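Visitor: Here is the input, now give the coordinates:
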Amino acid sequence: DQADASDPTDATDTSDPTDQADASDPTDATDTSDPSLPGCEGTLSFLSDGFCDESNNNEACGWDGGDCCPSTCVDADYTCGGYVDPVSGDSFDCRDPGACENTDEGCSECAPGCEIEGLGDGTCNPLCYNAQCAFDAASEGGVSDCSCGDVNLNEDCVGACFGDDQLDWVDDSTCDDGTYGLDLNCTTWEFDGGDCDDTTDPSDGSDPADTSDPSDPTDASDTSDPSDPTDVDSSCNESFLGDSWCDEQNNTEACGWDGGDCCASTCVDSNITCGLNSAYDCLNPDACENSVDGCSEEDNLTCEERSLNEDCDGLCFPDDYLDWLGDAECDVGQYGLAFNCPAWSYDNGDCEAPDPGDERENVTITVTVDYYFTQSTWVVEDSSGSTVSEEQFFTTFDETQSIPFQLDAGEYCVQVSDSNADGGVSGDVAVNGIIEVTWDTDDYTDLGSFCFTVQ
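Guide: This next block holds a predicted model:
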């Protein structure tokens, strides 16, 4: 009789110590009820997973097991402060009154086990290698005290660290030369396992075919002359100094940190644009990126303030590259610049514009929500305040919605609301393919109204 409570084989009997569905069984891994948090109505399996879950961010659920404050969060299934890429932005919502962030004294630790005073002191503390502690650097984007090996990570050709989960990028029939983040085009990684055609390693000083090798007596491009007391250090390739391209062999104190090319705050555009073709590798200890105070607003000028243009991805570039527009090749970032957006008329026709669907749809509204997607909604209203669209909701964090509308001539506004009164949705409105209004996540608090005109 399976209903017999005394039957030890009865899987439905919760008083049976062999029954894995028994909430009182401490060995039951499938039991999500936690007797230490009897009042928690959230999802207990999400506690202490490194991801701040709003439904668990309350006292009854132990403030999501510490996931929502930098000082109490510990990396687990997810990286504290972000979903996959912690550099992409802060996702904390620190409400725990016992957390140091909410005390008068403030925090002495930026993460459990990592003292703030020890950041950038020259000694690696693996507990500091996380987003909330600037990866054990004196300031965000500065030089880390930890090498990739110190924190059990791999190192690509330009010194960027990455985990074993990206090792499948090697020999995958795509040359990873930094275009997609990792640079595996060097002898260390066997030229991306053979994916890259270029078998000349610019960082290999023993390569006789390498014209950047200052020890090669046949190298006509090496302008450093050790017999000339006014010349730069003989280890430097003088022709590469200050050319807006960060050259690894010149990124030393002797070479003036490649004439400033390797830090965003010290690089000056020349015939190419800083940061466009090579990633920064800011090792100069005097650069603001490596100072305790970090860089000021003056060190982070916009493209317009630098008298430069801005591509679809926010990259600054000079007028020299405008001839890429309408040159019969669609630039989507494969060569550095991306023009496949309405602002650049889809590379002046080189790129195929998205299908607008119904030809009557003359307005496209594109919005992106931040981490707290449940707090935000949006709707379109006309000049009388009447809604002309359904109220739109989000189903996940970082979700982007792009919705076309057919609107008659008149004045309209996108009304964006946030229940927590801290903004969170960025977006733009394109009328007949032309961007008419844009806004960022912090351009409003509880209600944002972003208006446009349809002719």
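Visitor: for the helix or strand of the chain with the lowest mean pLDDT, the distance to its chain's centre please.
Guide: The weakest-scoring helix or strand in the chain, judged by mean pLDDT, DSSP states H and E, is strand 316-317 (a mean of 78). Mean C-alpha position of strand 316-317 versus that of the full chain (Cα atoms, centre = their mean, to the nearest Å) differs by 20 Å.
Visitor: I'd like to know which elements it is packed against.
Guide: Strand 316-317 sits against strand 309-310, with contacts defined as 3 or more Cβ pairs under 8 Å, 6 or more residues apart in numbering; DSSP states H and E. Using the backbone N, CA and C atoms, a C-beta is placed for each residue, glycine as well.
Visitor: List the contacts of the strand it packs on.
Guide: Strand 309-310 has contacts (Cβ atoms under 8 Å, 6 or more residues apart in numbering) with 302-304, 316-319, 321-322.
Visitor: and the nearest residue to Asp443 once chain neighbours are set aside, what does it touch?
Guide: Among residues not flanking Asp443 along the chain, Gly423 sits closest, at 6.9 Å (Cβ to Cβ, 6 or more residues apart in numbering). Counting by Cβ under 8 Å, 6+ apart, Gly423 touches 441-445, 448.
Visitor: Most neighbours among these, which one?
Guide: Each of these was scored for neighbours by other Cβ atoms under 10 Å, and Gly448 scores highest at 24 neighbours.
Visitor: so Glu289, which of the three states?
Guide: helix (DSSP: H, G, I helix; E, B strand; the rest coil).
Visitor: Please give the centre-to-centre distance between stretch 318-329 and its chain.
Guide: Distance, centroid of stretch 318-329 to centroid of chain: 28 Å (Cα atoms, centre = their mean).
Visitor: Mind exporting the C-alpha coordinates of it to CSV?
Guide: Extracted C-alpha coordinates of stretch 318-329, given in CSV (Å, rounded to 0.1, in the frame of the first residue of the first chain):
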residue,chain,number,x,y,z
PRO,A,318,38.5,62.1,-38.0
ASP,A,319,37.1,63.2,-41.3
ASP,A,320,39.8,61.1,-43.1
TYR,A,321,37.5,58.1,-42.7
LEU,A,322,34.4,59.7,-44.2
ASP,A,323,35.4,58.2,-47.6
TRP,A,324,34.4,54.8,-46.2
LEU,A,325,30.8,55.9,-46.6
GLY,A,326,29.2,54.8,-49.8
ASP,A,327,32.3,52.9,-51.0
ALA,A,328,30.4,49.7,-51.8
GLU,A,329,31.5,47.9,-48.6
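Visitor: What lies in contact with it?
Guide: 269, 271, 273, 308-309, 331, 337, 339, 344-345, 347-350.
Visitor: One more: stretch 104-113?
Guide: 70-74, 80, 100-101, 115-117, 119, 125, 127-128, 130, 132-134.
Visitor: how many other residues sit next to Gly122?
Guide: Using other Cβ under 10 Å, Gly122 has 7 other residues around it.
Visitor: Thought Val143 was touching it, still the case?
Guide: No. In this structure, Gly122 is not within contact of Val143 by Cβ atoms under 8 Å, at 9.8 Å.
Visitor: In the stretch 151-300 of the chain, what residue spans correspond to helices?
Guide: Remark: helices assigned in the stretch 151-300 of the chain by DSSP state H, counting those that start in this stretch are 190-193, 256-259.
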